[in-house]
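Asker: here you go, sequence then predicted model.
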Amino acid sequence: MVSLTALWLPILLSAVIVFIASSIIHMAIPIHKNDYRKLPDEEKVLDILRATGVTAGRGYILPFCSHKDMKSPETIEKFKRGPVGLLTVRPSGAPTMGKFLAQWFVYCVVISFFTAYLTSRTRTPGTEYLEVFRVAGTFAFAAYSLAFVQDAIWKGENWGVTFKHMLDGLIYGLLTAGTFGWLWPK
């Protein structure tokens, strides 16, 4: 077993590497360029949403119905007419990228910490690079990727977008694994 204090460098360095890689993937490579589209007649939709008083931090499902009303003819007709979707409303104002990026970095550190925890409990000092890589990479890939499948299943996220996010997670997992394998205590 390896102590977590012996893994502070791979924890922080892998988080930094993933942070940089994600910045490159999302800013320099056009893979996510067409993930989302503009609403038709966006200004009209925004005006209607403002007028109805939607609040930030809430998720809305449309059309809304309770479980007992799901089979009512009126509800079935609403779903047939469409659109059907989920709406997340954020606070008004320009997006604060600094806040988002800080949260993303903390998330990367948390994933690296748990990668270190799992790997340190299953591998000893001096374990070969590929063995550390395998364990750390499996966990990091799962942590960075698998929740996107839930979004595709339950929230209707496009499967193509989901697979692109999972590819990102695979890259992040491989980078994390490489860092842990490289810096694993001898």
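Answerer: Sure thing, it's come through.
Asker: do a quick rundown of the helices in the chain.
Answerer: Under the criterion DSSP state H, helices of the chain are mapped to 8-27, 42-52, 73-81, 97-122, 129-145, 147-154, 159-183.
Asker: can you give me the neighbour number for residue 47?
Answerer: 11 (other CB atoms under 10 Å). To be clear about C-beta, it is placed using only N, CA and C from the backbone, and glycine gets the same treatment.
Asker: pLDDT weak spots in this protein?
Answerer: Within the chain, not a single segment meets pLDDT under 70.
Asker: list the contacts of residue 171.
Answerer: 21, 25 (CB atoms under 8 Å, 6 or more residues apart in numbering).
Asker: ok, back up a step: distance to residue 64 for the helices of the chain - can I get that in CSV?
Answerer: Below are the helices of the chain laid out as CSV (distance: least, CB to CB, whole Å):
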stretch, distance to residue 64
helix 8-27, 33
helix 42-52, 13
helix 73-81, 9
helix 97-122, 28
helix 129-145, 31
helix 147-154, 16
helix 159-183, 24
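Asker: in stretch 49-66, which residues are buried?
Answerer: Across stretch 49-66, burial judged by 16 or more other CB atoms under 10 Å covers residue 65.
Asker: so what touches it?
Answerer: The contact list for stretch 49-66 (CB under 8 Å, 6+ apart) reads 72, 75, 78-79, 83-92.
Asker: run the chain-centre distance for it.
Answerer: Chain-centre distance of stretch 49-66: 23 Å, with CA atoms, centre = their mean, to the nearest Å.
Asker: now do the same end-to-end measure for that stretch.
Answerer: End-to-end distance for stretch 49-66, by CA to CA, to the nearest Å: 22 Å.
Asker: do the same with stretch 80-98
Answerer: Stretch 80-98 has its terminal residues 41 Å apart, counting by CA to CA.
Asker: which residues touch that stretch?
Answerer: With contact meaning CB under 8 Å, 6+ apart, stretch 80-98 is reached by 49, 54-63, 155-156.
Asker: show the buried residues in the contacts of stretch 49-66.
Answerer: Buried among the contacts of stretch 49-66 by 16+ other CB under 10 Å: 75, 78.
Asker: which of the contacts of stretch 49-66 sits closest to residue 168?
Answerer: Nearest to residue 168 among the contacts of stretch 49-66 is residue 88, at 20.1 Å by CB to CB.
Asker: in the beta-sheet assignment, what are the partners of that closest one?
Answerer: residue 59 (DSSP bridges).
Asker: do you know how far it is from residue 59?
Answerer: Per CB to CB, to the nearest Å, residue 88 is found 5 Å from residue 59.
Asker: do residue 134 as well
Answerer: To residue 59, residue 134 is 37 Å away according to CB to CB.
Asker: what does residue 97 give?
Answerer: Here the criterion is CB to CB. By it, residue 97 lies 22 Å from residue 59.
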